[in-house]
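In: from the sequence below, what's the structure:
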Amino acid sequence: MTANSFTELKNTSATASDLALLNGKNVRIRGRASGATSVIATEIEDRGASDQDADVILQGAVLKAEVINPTFKILGVTVDTNLLTPADFRDVNDIAIVGGQTTFFNTLSANGGLVKAKGRLPADVDNVLAAGTLREVELED
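Out: Numbers count the residues shown, from 1 in each chain. Predicted coordinates:
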């Protein structure tokens, strides 16, 4: 993630050139993709003290080349759906997808697309929304 002079910072005295005040904090970052694995932040919001049990919502484009059932990548973060139930695969209307994992991955494999993943990032694994901590994946439009 990159911040610059156009990045809006909320609820913090951190600056785009010095984000150290946000270390150990729960933050919301909104931005735009810059390449396959990076984001240029348009907004960074301090949401308070870090909570390792807080949900992470990661949303972004999934390239069909990065889809290998039961995993896919959003901005370089691997999302492992191996332990999700069929009801945890949602469509653009937040309704369980008929066919669950198979239909979800057939759709992504054919076209790629915008996906939202909800879960927790395990403390000991970088850049993975792991099967045991992932709660839901949802196709977006």
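In: ok, which stretches of the chain are helices?
Out: 100-111 (DSSP state H).
In: so which residue is smack in the middle of it?
Out: L58 (1.6 Å; CA atoms, centre = their mean).
In: who touches the lowest-mean-pLDDT helix or strand in the chain?
Out: Of all helical and strand segments in the chain, the minimum by mean pLDDT, DSSP states H and E falls on strand 128-129, at a mean of 75. Identification of contacts with strand 128-129 by CB atoms under 8 Å, 6 or more residues apart in numbering yields 56, 58, 77-80, 117, 119-122. Yep, even glycine has a C-beta here, placed from its N, CA and C like the rest.
In: who wins for neighbours among those residues?
Out: G119 (24 neighbours; other CB atoms under 10 Å).
In: run through the residues that contact the residue lying closest to that one once chain neighbours are set aside.
Out: Excluding its sequence neighbours, the residue lying closest to G119 (CB to CB, 6 or more residues apart in numbering) is L134, at 3.8 Å. L134 is in contact with 79-81, 83-84, 88, 117-119, counting by CB under 8 Å, 6+ apart.
In: now, which of the residues you listed sits nearest A130?
Out: Closest approach between the contacts of L134 and A130, by CB to CB: D80, at 5.6 Å.
In: got a list of what that closest one touches?
Out: With CB under 8 Å, 6+ apart, D80 has these contacts: 70-71, 128-131, 134.
In: could you dump the contacts of L134 to JSON lines with distance to I97 and pLDDT?
Out: Formatted as JSON lines, those follow (distance: CB to CB, whole Å; pLDDT from 0 to 100):
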{"residue": "V79", "distance to I97": "16", "pLDDT": "92"}
{"residue": "D80", "distance to I97": "18", "pLDDT": "92"}
{"residue": "T81", "distance to I97": "12", "pLDDT": "95"}
{"residue": "L83", "distance to I97": "17", "pLDDT": "94"}
{"residue": "L84", "distance to I97": "11", "pLDDT": "95"}
{"residue": "D88", "distance to I97": "9", "pLDDT": "96"}
{"residue": "A117", "distance to I97": "14", "pLDDT": "94"}
{"residue": "K118", "distance to I97": "15", "pLDDT": "93"}
{"residue": "G119", "distance to I97": "18", "pLDDT": "89"}
